[in-house]
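Visitor: Here is a sequence with its predicted model. Questions after.
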Amino acid sequence: IMTFLFLGIDKMGEVAPVESGIDGGQSDAIFLLVLDPHAKEMTVIGVPRDTMAQIEMYGNTGGYLGPVKAQLALQHGYGDGGKVSCERSRDAVSELFYGLPIHGYCAINMGAIPLLNDAVGGIDVVALNSQDVNGFRMEEGQELHLEGMDAYHYLHDRDIQSHYTAGKRLQRQKQYLEAYAAEAMAELKEDPTFAVSLYGTLSKYMVTDISLDEVGYLATQVPGYSFSGGRMHVLEGETEASGNHEEFHVDEDALYRLVLDVFYEEVG
């Protein structure tokens with residue numbers, strides 16, 4: 001089984017190193033992509049950004065301050081905004097999943113969402129909730145064809161003055177990924193070079209340890225995998241308001257069952 005970590009970083013521009021050890025950018029989207037070559041199944045696991053987990057804290061100058069339990073999204077910020085931030089995030093997610101091996105990571109600045117979206121001709125969704133933020137307005141149940149910055153607003157924006165909006169945003173991200181996966185799989189079947197081309201388009205907005213050759217190989221394998229809404233999971237748990245922030249506390253029993261279901265086979 002191959003497992004890859006995908007992060008959506010709350011920065012608009014191209015990737016650039018940061019001087020401060022605390023300004024690497026938070027990961028507003030955290031997803032694990034799991035490829036099972038035996039069953040030919042693809043699974044996606046969404047992790048709430050506010051998941052309380054063991055992370056490594058660093059100071060302004062990069063000095064190590066020690067482990068703390070805090071929102072998982074913060075871990076990427078404690079780094080250089082590049083490889084170091086990604087490796088620390090990978091290790092934190094791995095620990096959350098009982099030491100799960102993660103074979104590659106890919107962090108994409110959220111400003112690249114329009115490029116991703118328009119590469120497949122846009123995405124059709126039905127708005128999951130009503131919202132009017134940053135000039136982008138939608139009504140629950142409204143049919144939307146997302147193009148350009150509309151895709152960014154749908155996936156990124158939330159009312160930070162209200163509690164529990166991060167969870168609603170995660171549900172929109174889950175919905176969008178299901179639709180995007182279908183469109184991307186169709187593109188790959190028609191044009192096997194699609195993934196390589198997209199890799200090049202995103203390169204300035206992306207930090208990854210997945211090589212271009214590996215992307216090319218995976219692009220030939222993934223169209224043979226099955227993927228359905230039943231293979232799209234979001235961690236279960238409870239969200240609590242804590243001052244101006246939120247904390248998501250994972251249901252450990254549900255997480256344990258999920259790990260067994262996705263990563264293990266029962267033997268007699």
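Guide: Received, thanks.

Visitor: Please, where are all the strands along the stretch 101-250 of the chain?
Guide: 104-109, 123-126, 131-133, 136-138, 143-146, 206-208, 232-234, 237-242, 245-250 (DSSP state E, counting those that start in this stretch).

Visitor: Serialize those strands to TSV and add fields for mean neighbour count, mean pLDDT and distance to Lys69.
Guide: Backbone N, C-alpha and C define where each C-beta goes, glycine included. Formatted as TSV, the strands of the stretch 101-250 of the chain follow (neighbours: other Cβ atoms under 10 Å; pLDDT from 0 to 100; distance: least, Cβ to Cβ, whole Å):
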stretch	mean neighbour count	mean pLDDT	distance to Lys69
strand 104-109	22	98	22
strand 123-126	16	98	35
strand 131-133	16	92	30
strand 136-138	16	95	34
strand 143-146	14	98	36
strand 206-208	21	98	26
strand 232-234	18	95	21
strand 237-242	13	92	12
strand 245-250	17	95	9
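
Visitor: Tabulate these (JSON lines), appending distance to Ala179.
Guide: Below are the strands of the stretch 101-250 of the chain laid out as JSON lines (distance: least, Cβ to Cβ, whole Å):
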{"stretch": "strand 104-109", "distance to Ala179": "18"}
{"stretch": "strand 123-126", "distance to Ala179": "5"}
{"stretch": "strand 131-133", "distance to Ala179": "18"}
{"stretch": "strand 136-138", "distance to Ala179": "15"}
{"stretch": "strand 143-146", "distance to Ala179": "9"}
{"stretch": "strand 206-208", "distance to Ala179": "21"}
{"stretch": "strand 232-234", "distance to Ala179": "11"}
{"stretch": "strand 237-242", "distance to Ala179": "25"}
{"stretch": "strand 245-250", "distance to Ala179": "24"}
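
Visitor: Which strands or helices does the longest strand anywhere in the chain pack on?
Guide: Using DSSP state E to define each element, the chain has its longest strand at strand 27-36. Helices and strands touching strand 27-36, by 3 or more Cβ pairs under 8 Å, 6 or more residues apart in numbering; DSSP states H and E, are strand 2-9, strand 41-46, helix 83-96, helix 165-190.

Visitor: If you tally nearby residues, what's the number for Asp150?
Guide: Neighbourhood size, Asp150 [other Cβ atoms under 10 Å]: 18.

Visitor: So it sits against Gly135, correct?
Guide: No - in this structure Asp150 lies outside contact range of Gly135 using Cβ atoms under 8 Å: 10.5 Å.

Visitor: before we move on, the earlier item: now for the helices and strands packed on strand 27-36, which one comes closest to Gly237?
Guide: Closest approach to Gly237 among the helices and strands packed on strand 27-36 is made by helix 165-190 (9.9 Å; Cβ to Cβ).

Visitor: Give me the helices and strands touching that closest one, please.
Guide: Helix 165-190 is packed against strand 27-36, strand 41-46, strand 123-126, helix 149-156, helix 194-202, strand 232-234, strand 245-250, with contacts defined by 3+ Cβ pairs under 8 Å, 6+ apart.

Visitor: So what touches the host helix or strand of Arg257?
Guide: Using DSSP states H and E, Arg257 falls within helix 252-263. Helix 252-263 has contacts (Cβ atoms under 8 Å, 6 or more residues apart in numbering) with Ile1, Thr3, Val34, Thr43, Ile45, Phe97, Tyr98, Leu100, His233, Leu235, Glu236, Gly237.

Visitor: low pLDDT regions in the stretch 51-200 of the chain?
Guide: Applying pLDDT under 70 to the stretch 51-200 of the chain flags no residue at all.

Visitor: how about 80 then?
Guide: Low-confidence segments of the stretch 51-200 of the chain, defined by pLDDT under 80, span residues 161, 163.
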